[in-house]
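> how would this look folded up:
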Amino acid sequence: MQNIYDNPVFFEGYSRLRERAVNANNLFEIPAMMALLPDLAGKRMLDLGCGTGERCAEYARRGAAKVLGIDISEKMLAVAREKNADPRVEYRRLPMERVGELEGPFDLVVSSLALQYVEDFAGVVAAVYDLLKPGGRFVFSQENPINTCFTTGERWTKDAAGNKLWANISNYSVDGVRESTWFVDGVKKYHRTFSTVINALADAGFFVEKLIEPYPDEAMAREYPDYADLLHKPDFLLVRARKD
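The predicted model follows:
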């Protein structure tokens, strides 16, 4: 169970990144995530990997009756309790791998960009299914498998002027751990193919309702040219699944 967010160097770097108003989360992942959510009025919710709690507080503002946010990082939870406190929100230190210890049922389970850190994805999905009410939904985002697969070589093929022509991939079909440097060395993420992700949901009993891979339209690509390369390689995969 990796707890990279309690590394002080990593936490500082990550915090600086999220403080920027223009970032991929704000432009693409958050709008897509919110678009997948049902009406939250009166809902009992669970947020896996809640981080600093901005989403939990937002769910409460949107009418959720109770939101439980869990995270493995003490640093993240300290910020959540200080800056995103709400009487309808509870924060608890618990790794996602132990979500089955919680008492349900929940109307809705959400997770934002956290599940790529979990080795036993199928186990977490099965536990989430058991925690949901019939008709409840599991809405999550993760790094796109096109991103997580990459292991070697140049990430982009470029022209003579250095412009990105297309993204390169490697070892897409090989599920498993990938290590990278992101603020610190040795950050572990787990690559899973699209079929692994969808089959884990189906095997647990979920009906997959919708998938989103957000990318910029022409106007957004002109306004934010740094993100035009998402037309070649989307950063995120978002899924909404239902327990029948």
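
> need the strands for this structure, in chain order.
44-48, 66-71, 89-93, 106-112, 132-143, 156-158, 164-167, 176-182, 184-191, 206-212, 236-243 (DSSP state E).

> what are the ranges of the helices in this protein?
With DSSP state H, the ranges of helices along the chain come out as 8-19, 24, 30-36, 54-61, 74-83, 121-131, 145-148, 194-204, 218-223.

> and those helices, which one's lowest on average pLDDT?
For these, the weakest mean pLDDT is recorded on helix 8-19, namely a mean of 83.

> packing partners of that helix?
Judged by 3 or more C-beta pairs under 8 Å, 6 or more residues apart in numbering; DSSP states H and E, the packing partners of helix 8-19 are helix 74-83, strand 184-191. Placement of C-beta: from N, CA and C, glycine included.

> and the angle from it to strand 176-182?
Going by axes from the mean of the first three to the mean of the last three C-alpha atoms, to 10 degrees, helix 8-19 is angled at 80 degrees with respect to strand 176-182.

> tilt between helix 8-19 and helix 74-83?
Using the same axes, to 10 degrees: helix 8-19 against helix 74-83 is 40 degrees.

> any idea how far helix 8-19 is from the chain center?
On the basis of C-alpha atoms, centre = their mean, to the nearest Å, helix 8-19 sits 17 Å off its chain's mean C-alpha point.

> what's the answer for stretch 193-202, then?
Mean C-alpha position of stretch 193-202 versus that of the full chain (C-alpha atoms, centre = their mean) differs by 16 Å.

> for that stretch, give me every contacting residue.
Surrounding stretch 193-202, the residues in contact under the criterion C-beta atoms under 8 Å, 6 or more residues apart in numbering are 121-122, 125, 138, 142, 145, 149, 172-173, 175, 192, 208, 237, 239, 241.

> PyMOL command to pick out the buried ones of those residues?
Per 16 or more other C-beta atoms under 10 Å, the buried members of the contacts of stretch 193-202 correspond to this PyMOL selection:
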select buried, resi 121+122+125+138+142+145+149+175+192+237+239+241
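
> state the pair within the contacts of stretch 193-202 that is farthest apart.
Farthest apart among the contacts of stretch 193-202 by C-beta to C-beta are F138 and S173. That separation is 25.4 Å.

> rewinding a little: nearest to A221, out of the helices and strands packed on helix 8-19?
strand 184-191 (26.7 Å).

> show me what the closest one is packed against.
Counting contacts by 3+ C-beta pairs under 8 Å, 6+ apart, strand 184-191 is packed against helix 8-19, helix 145-148, strand 176-182.

> now with 10 Å?
Contacting strand 184-191 under the criterion 3 or more C-beta pairs under 10 Å, 6 or more residues apart in numbering; DSSP states H and E are the following elements: helix 8-19, strand 132-143, helix 145-148, strand 176-182.

> would you turn those into a markdown table with distance to I212?
Shown next, in a markdown table, are the helices and strands packed on strand 184-191 (distance: least, C-beta to C-beta, whole Å):
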| stretch | distance to I212 |
| --- | --- |
| helix 8-19 | 21 |
| strand 132-143 | 9 |
| helix 145-148 | 14 |
| strand 176-182 | 23 |
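
> for Y59, find the nearest of the ones you listed.
Counting by C-beta to C-beta, Y59 lies closest to strand 132-143 out of those; the figure is 11.0 Å.
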